[in-house]
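Participant: Compute the structure for the input listed below.
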Amino acid sequence: MLGFRGCTVNYSLVSYIRQLFWTGVLNCAEIRRMTKDIRTKSSPTFSPLYRQIKDFMISSLEAGEWGPGDAIPSEGELAVRFNVSQGTVRKAIDEMAAENLLVRRQGKGTFVATHSDPRSFYRFLRLLPDNGHAAQSVSDPLSCTVGEATPEMAQVLSLVPGDPVILVERLLRFNGEPVVFDRICLVHELFAGLTLEQLRAGERSLYSLFEGEYGVRMISAEERLRAVAADAREAGLLGVGVGEPLLLVERVAHTYGNRPVEWRRGVYCTRHHFYSNALG
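Facilitator: Model (predicted):
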C-alpha cells in the first residue's frame, strides 16, 4: 500500500491486471487503459480503496473475465487477489449489487447480472396495467435500417453527424393490445449486422439480444417524460385518435464506462396503463 497526497493506492492491482494479460483476458490496449486508470486513481482526488476495487472489478466485467450470469470469485478469493480485506471487497460488491451490476443469491454466491433474468425485465420498462399486475409484453419489430446520425443523434450518442447508426422501429403489445411505439437509434459500431430477422426471432427481450449476440450490456439509463399529441402514424399504430395525448419517454442507455449506446423515443398509450417508478 502506498500513500500519495492523501490517496491510498493498492499496487497489487498492477499485478492483478498483469495476471489478466498473461491469462489472455485482456489485450495490450486494455492493459494500457487500465494502467492509465491506476495513475488517474493516484491523483490528489481521494478515492476510497473499496471504490478502486469496484472500478477494477467493473473493468474485469467489461473485459469479459466474468460474463453475464457467471458466478464471480468469492469475497475471500477476491481479497487475496487484490491484497485487501474481505470487508473492503464486500463493500465494493455491495455497491455493485445496488447498481444492478451483480446479484447476490443466498447460499449460492454472487453472480453477474444479466438481462436474460426475468427479474430484470421491469428494470427498464416501467409500464404497468391499471390493475397493477405486471404483464409480459410482446415485441413486434417493424423495421431495422442503417442511416446517418443527425446532429441531435450525434450529440446524444457522442458521435459525429453523418456517422452510421442503426434505426429500429417496433411496437410493444400487452395482451395483444399495442401500447408502446418505439423509435430506437443504436451506435452502428457496436451493433453492425443487426437485422429485422434477428429482432423478430425468439422471445427474448431486446436488451437480452444485445447482451447475448453483441456483448453489449445496458448498465444504466436516463429518461425524460413529457406529454405529446399523437400524430397520424402513431395514432394508426396505437389505435388512438390523431391528437390524443400520449406519454413520450426519451431514454439514453449506457453500457460500461458510462458510454451512451442507445437513444430511444417511445410513445406510450396510457389509456389502460400507467408509468410506475419507485423512489427511495
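Participant: what's the span of stretch 237-246 from first residue to last?
Facilitator: 12 Å (C-alpha to C-alpha, to the nearest Å).
Participant: Show me what that stretch is in contact with.
Facilitator: 171, 177-179, 181, 227-232, 234-235, 267-271 (C-beta atoms under 8 Å, 6 or more residues apart in numbering). C-beta: built from backbone N, CA, C; applies to glycine.
Participant: Now do the buried residues in that stretch.
Facilitator: Buried residues in stretch 237-246, counted by 16 or more other C-beta atoms under 10 Å: 237, 238, 240, 246.
Participant: which residues of the stretch 1-150 of the chain fall in helices?
Facilitator: 12-22, 28-41, 49-63, 75-82, 86-98, 121-124 (DSSP state H, counting those that start in this stretch).
Participant: What angle do helix 75-82 and the fifth one make with each other?
Facilitator: So that's helix 86-98. 110 degrees (axes from the mean of the first three to the mean of the last three C-alpha atoms, to 10 degrees).
Participant: sorry, back to before: any of the contacts of stretch 237-246 buried? List them.
Facilitator: Here, 16+ other C-beta under 10 Å leaves 171, 178, 179, 181, 230, 234, 235, 267, 268, 269 buried among the contacts of stretch 237-246.
Participant: hang on, the third one packs against residue 127?
Facilitator: Yes - under the criterion of C-beta atoms under 8 Å, residue 179 makes contact with residue 127 at 6.8 Å.
Participant: For those two, list the residues in contact with both.
Facilitator: Common neighbours of residue 179 and residue 127 (C-beta under 8 Å, 6+ apart) are 137, 268, 273.
Participant: Report the contact partners of residue 51.
Facilitator: 92, 95 are the contacts of residue 51 under C-beta under 8 Å, 6+ apart.
Participant: Three-state assignment for the residue most central in space within the chain, please.
Facilitator: For the chain, the residue nearest the mean C-alpha position is residue 218 (1.3 Å; C-alpha atoms, centre = their mean). Here residue 218 is recorded as coil under DSSP: H, G, I helix; E, B strand; the rest coil.
Participant: Could you measure from it over to residue 256?
Facilitator: 10 Å (C-beta to C-beta, to the nearest Å).
Participant: In which helix or strand does residue 260 reside?
Facilitator: strand 259-268 (DSSP states H and E).
Participant: Run me through the strand neighbours of that strand, direction for each.
Facilitator: strand 177-187 (antiparallel), strand 245-255 (antiparallel) (DSSP bridges).
Participant: Pull the residues that contact the first one.
Facilitator: With C-beta under 8 Å, 6+ apart as the test, strand 177-187 has contacts from 127, 137, 140, 149, 153, 156-157, 159, 165-173, 194, 206, 234, 237-239, 260-269, 272-273.
Participant: Tell me how far the very next helix or strand once past that strand lies from the chain's centre.
Facilitator: Downstream of strand 177-187, the first helix or strand assigned by DSSP H and E is helix 188-191. Using C-alpha atoms, centre = their mean, to the nearest Å, the distance from the centre of helix 188-191 to the centre of the chain it belongs to is 15 Å.
Participant: May I see the buried residues of the helix or strand just after the strand holding residue 260?
Facilitator: Sequence order places strand 273-275 as the next helix or strand after strand 259-268, per DSSP H and E. Residues residue 273 are the ones in strand 273-275 that count as buried (16+ other C-beta under 10 Å).
Participant: could you give the mean pLDDT of strand 273-275?
Facilitator: Strand 273-275 carries an average pLDDT of 87.
Participant: if we can go back for a sec, buried only: go through the contacts of strand 177-187 for me.
Facilitator: Buried among the contacts of strand 177-187 (16+ other C-beta under 10 Å): 127, 137, 149, 153, 156-157, 159, 165-172, 194, 206, 234, 237-238, 260-264, 266-269, 273.
Participant: Now do the contacts for residue 97.
Facilitator: Residue 97 touches 103, 104, 110, counting by C-beta under 8 Å, 6+ apart.
Participant: Just say helix, strand or coil for residue 233.
Facilitator: Under three-state DSSP, residue 233 comes out as helix.
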